[in-house]
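Chemist: here you go, sequence then predicted model.
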Amino acid sequence: MTTMIRVENVAKAFTLHNQGGVRLPVFGDVNFSVEAGEALVLAGASGAGKSSLLRILYGNYRPSSGTIHITHGGKPVDIVAAVPRTVLDIRRRTLGFVSQFLRVIPRVSALDIVRDPLLARGATPEEASERAKAMLARLNLPERLWNLAPATFSGGEQQRVNIARSFVDPSAIMLIDEPTASLDAANRDVVVELIAEARGKGSAIVGIFHDEAVRERVATRYLDITDFRKAS
Amino acid sequence: MTLHATFPDTALDPAPLLSVAGVSRFYGERIGCKDVSFDLWPGEVLGVVGESGSGKSTLLRCLAGIDRPDAGEVLFRGLDTPLDIYSVPEQERRKLMRTAWGIVHQNPRDGLRMDVSAGGNVGERLMDRGDRHYGQIRERALDWLSRVEISGTRIDDRPRQFSGGMQQRLQIARVLVSEPRLVFMDEPTGGLDVSVQAKLLDLLRVLVRDLGLAAIIVTHDLAVARLLTDRLMVMKDGHVIEQGLTDQVLDDPHHAYTQLLTSAVLSV
Ligand SMILES: Nc1ncnc2c1ncn2[C@@H]1O[C@H](COP(=O)(O)OP(=O)(O)OP(=O)(O)O)[C@@H](O)[C@H]1O
Ligand SMILES: Nc1ncnc2c1ncn2[C@@H]1O[C@H](COP(=O)(O)OP(=O)(O)OP(=O)(O)O)[C@@H](O)[C@H]1O
Ligand SMILES: [Mg+2]
Ligand SMILES: [Mg+2]
């Protein structure tokens, strides 16, 4: 088994300087690792810190202390201490983040948004288009939308573009925050299948799913964040 | 979020393109910028944000070779041997500014020759570089006009016949045609209305990515910074108070001032 993520002694507190400097501890003493092919599901009540932990794994939030080694190019790299260009390189080649919301870029079409990660990793334009179209079709996005910029799409349509982009070429590590929140049952099923396929190809998955049925179909293991709260 | 076809393999780049150490500039008693240090790697886009008067333009002018800092060093490593840009004669620095790097001014009038045709404005940079073949220069000028979405039929028009947004796009074509390694931009979308801004931003985003440019972009607009930059430097009263990966600084700001800055906008 290959360890893809190793979290050691991670703690997080926010200091809200403009609200009287109040310190908001979220969790402490977090230790776990994730192997290739596993799907670790983060559990815990609203506000427990699930999203914060996922963002810390992505290098988006900075932990107050601790280290997070990501296996990147065959070697463990501490994303907490890494310089920006290394973090970006890790994200480009190893680490994907699937959020609930698509960050819309003006004037870029849905198809181009989905093609982009393939092109970035060296696919030919034809191959990229083909795979991107197949993925959009699989997620039941109407073909008339493919060449439009998603700014005017519905929430669920944008979310499917986002999922298509993330799963068209799954990263070795996929961090997933509530990807099915505004999807109907049929599309939820597709997402569950996509996650299982990525895992089958060896991706390590860390995810948050508020839908219990989805959670149970996806998880190979659970981690309850609440357990780390008292340590903060 | 990145959207482009080729990535420079930054992890393998051994040396930065620009090394800045202890740069300070004063206006009499007043601090313009104080003790700024950082390295910039090829293909990296650095944003400089901060409120009005925080020293962003002062710093950019020092870095770009326009104003000599009172202290500190700006080392350009894009040539065979590293060049301390303020230790060489003025003439050599000017040549570097015209050939290896580009400057996009907030006001297009500062970057364009207003009495020269659009084609001439773009072609001039190629001639500075030593190109002499008129047909080829005109062809490349046409190519660049189309890349910045200016119709080839306007090639003989003067910039003053263009709208503000077109002038800004023309300035960008003039700067990028000579294929600089490093580009400095001060509020490149500053004077434009919102719809024109969005278009120009998208254009810049694509060009910067596709050409693998390193760039330093001054803006007071955090949404612009989010869209265009990899790294962010936050300035206040002439000092850099926080820096890091752009999404880190914007989503999990640590300094009181950065928290104020990010909470002042509803959604970036
Ligand atoms: N950028 C931030 N600045 C300040 N506080 C934050 C920030 N992000 C999260 N928090 C706080 O951290 C705590 C944990 O939030 P987080 O979003 O991680 O919870 P969660 O477990 O994902 O909750 P939910 O299930 O509702 O999504 C909350 O109290 C939240 O207000
Ligand atoms: N030529 C000058 N002479 C004297 N003081 C100057 C000069 N240029 C700038 N300053 C002062 O230096 C400080 C920094 O100015 P600078 O123009 O760098 O700010 P800025 O961050 O670019 O602001 P803005 O967002 O308004 O463009 C300000 O206090 C300004 O008044
Ligand atoms: Mg959450
Ligand atoms: Mg300024």
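Modeler: Structure received. Ligands and ions are numbered 1, 2, ... in the order given.

Chemist: ok, residue A:92 to chain B distance?
Modeler: Here residue A:92 is placed at a distance of 6 Å from chain B (Cβ to the nearest Cβ, to the nearest Å). All C-beta atoms are positioned from the backbone trio N, CA, C, and that covers glycine.

Chemist: assign that residue to helix, strand or coil.
Modeler: helix (DSSP: H, G, I helix; E, B strand; the rest coil).

Chemist: max-length helix in the chain?
Modeler: Going with chain A. The residue-count maximum for a helix in chain A (DSSP state H) belongs to helix A:185-200.

Chemist: not quite, I wanted chain B
Modeler: helix B:194-211.

Chemist: what about it, distance to the chain center?
Modeler: Relative to the chain's own centre, helix B:194-211 is displaced by 13 Å; criterion: Cα atoms, centre = their mean, to the nearest Å.

Chemist: if we can go back for a sec, mind checking the pLDDT average for the longest helix of chain A?
Modeler: Across helix A:185-200, pLDDT averages out at 95.

Chemist: show the subsequent helix or strand relative to it.
Modeler: strand A:204-208 (DSSP states H and E).

Chemist: now the angle between helix A:185-200 and that following strand, please.
Modeler: In terms of direction (axes from the mean of the first three to the mean of the last three Cα atoms, to 10 degrees), strand A:204-208 departs from helix A:185-200 by 150 degrees.

Chemist: pairing partners for strand A:204-208, with directions?
Modeler: strand A:39-43 (parallel), strand A:173-177 (parallel) (DSSP bridges).

Chemist: quick one: closest of these to residue A:26.
Modeler: strand A:39-43 (12.8 Å; Cβ to Cβ).

Chemist: show residues contacting that closest one.
Modeler: By Cβ atoms under 8 Å, 6 or more residues apart in numbering or on different chains, the list of residues contacting strand A:39-43 from outside reads A:32, A:34, A:50, A:53-54, A:195, A:199, A:204-209, A:215, A:218-226.

Chemist: could I get the phi/psi values of residue B:41?
Modeler: Here is the backbone geometry of residue B:41 (degrees, to the nearest 10): phi -100, psi 160.

Chemist: where are the low-confidence patches of the chain?
Modeler: You didn't say which chain, so I picked chain A. A:230-232 (pLDDT under 70).

Chemist: actually it's chain B I care about, not the one you picked
Modeler: Applying pLDDT under 70 to chain B flags the ranges B:1-13, B:265-268.

Chemist: before we move on, back to that, what about burial for the contacts of strand A:39-43, which qualify?
Modeler: Buried members of the contacts of strand A:39-43, scored by 16 or more other Cβ atoms under 10 Å in any protein chain shown, are A:32, A:34, A:50, A:53-54, A:195, A:199, A:204-209, A:215, A:218-219, A:223, A:225.

Chemist: which neighbouring elements make contact with the longest helix of chain A?
Modeler: helix A:155-167, strand A:173-177, strand A:204-208, helix A:212-218 (3 or more Cβ pairs under 8 Å, 6 or more residues apart in numbering or on different chains; DSSP states H and E).

Chemist: elements contacting the last one?
Modeler: If I follow you right, that is helix A:212-218. So helix A:212-218, by 3+ Cβ pairs under 8 Å, 6+ apart, packs with strand A:39-43, helix A:185-200.

Chemist: do that helix and ligand 1 meet?
Modeler: No - Helix A:212-218 is not in contact with ligand 1 by Cβ under 6 Å from any ligand atom; minimum separation 12.4 Å.

Chemist: which element is residue A:112 on?
Modeler: Following DSSP H and E, one finds residue A:112 within helix A:110-120.

Chemist: residue B:58 now?
Modeler: helix B:56-63.

Chemist: I'd like the distance between residue B:71 and ligand 2.
Modeler: Taken as Cβ to the nearest ligand atom, to the nearest Å, the spacing of residue B:71 relative to ligand 2 amounts to 16 Å.

Chemist: other residues contacting the helix or strand hosting residue B:169?
Modeler: Taking DSSP H and E as the criterion, residue B:169 maps to helix B:164-176. With Cβ under 8 Å, 6+ apart as the contact definition, helix B:164-176 has outside contacts at B:102-105, B:108-109, B:111-112, B:118, B:121-122, B:124-125, B:141, B:144-145, B:147-150, B:159, B:162, B:183, B:188-189, B:191-192, B:196, B:199-200, B:203-204, B:207, B:211, B:213.

Chemist: tell me the phi and psi of whatever residue of the stretch 101-250 of chain B ends up closest to ligand 2?
Modeler: The minimum distance from the stretch 101-250 of chain B to ligand 2, using Cβ to the nearest ligand atom, falls at residue B:220 (5.3 Å). Here is the backbone geometry of residue B:220 (degrees, to the nearest 10): phi -100, psi 0.

Chemist: run a quick neighbour tally on it.
Modeler: 16 (other Cβ atoms under 10 Å in any protein chain shown).

Chemist: quick check: chain neighbours aside, which residue is closest to the residue of chain B found nearest ligand 1?
Modeler: Residue of chain B nearest ligand 1, by Cβ to the nearest ligand atom: residue B:252 (5.3 Å). Leaving aside its sequence neighbours, residue B:252 sits nearest to residue A:61 (Cβ to Cβ, 6 or more residues apart in numbering or on different chains; 4.3 Å).

Chemist: go ahead and confirm the one you found touches residue B:254.
Modeler: No - the pair residue A:61 / residue B:254 is not scored as a contact, 10.5 Å apart, by Cβ atoms under 8 Å.

Chemist: more crowded one of those two?
Modeler: Neighbours per residue (other Cβ under 10 Å) separate residue A:61 from residue B:254, with residue A:61 holding more: 20 against 16.

Chemist: so what's the more buried one up against?
Modeler: Going by Cβ under 8 Å, 6+ apart, residue A:61 touches A:12, A:52, A:55, B:248, B:251-252.

Chemist: element containing it, please.
Modeler: Going by DSSP H and E, residue A:61 is not part of any helix or strand.

Chemist: distance of it from ligand 2?
Modeler: Distance from residue A:61 to ligand 2, counting by Cβ to the nearest ligand atom: 28 Å.

Chemist: equivalent analysis for residue A:95, please.
Modeler: For residue A:95, the distance to ligand 2 equals 34 Å [Cβ to the nearest ligand atom].

Chemist: same deal with residue B:78?
Modeler: Counting by Cβ to the nearest ligand atom, the separation of residue B:78 from ligand 2 is 25 Å.

Chemist: let me know the secondary structure of that residue.
Modeler: Secondary structure, three-state DSSP: residue B:78 is coil.

Chemist: which residue is the nearest non-sequential neighbour of it?
Modeler: residue B:181 (4.4 Å).

Chemist: over to residue A:204?
Modeler: Using Cβ to Cβ, 6+ apart and skipping the chain neighbours, the partner closest in space to residue A:204 is residue A:4 (3.8 Å).

Chemist: please settle this for me: is the one you found part of a strand?
Modeler: Yes - counting by three-state DSSP, residue A:4 is found in a strand.

Chemist: contacts only, for residue B:225.
Modeler: So residue B:225 contacts B:47, B:49, B:217, B:219, B:232, B:246, B:250, B:268 (Cβ under 8 Å, 6+ apart).

Chemist: ok, for it, nearest residue in space, not its chain neighbours?
Modeler: Nearest residue to residue B:225 in three dimensions, chain neighbours excluded: residue B:47, at 4.0 Å (Cβ to Cβ, 6+ apart).

Chemist: before we move on, back to that, just the helices and strands packed on helix A:212-218: most buried one?
Modeler: strand A:39-43 (a mean of 21; mean count of other Cβ atoms under 10 Å in any protein chain shown).
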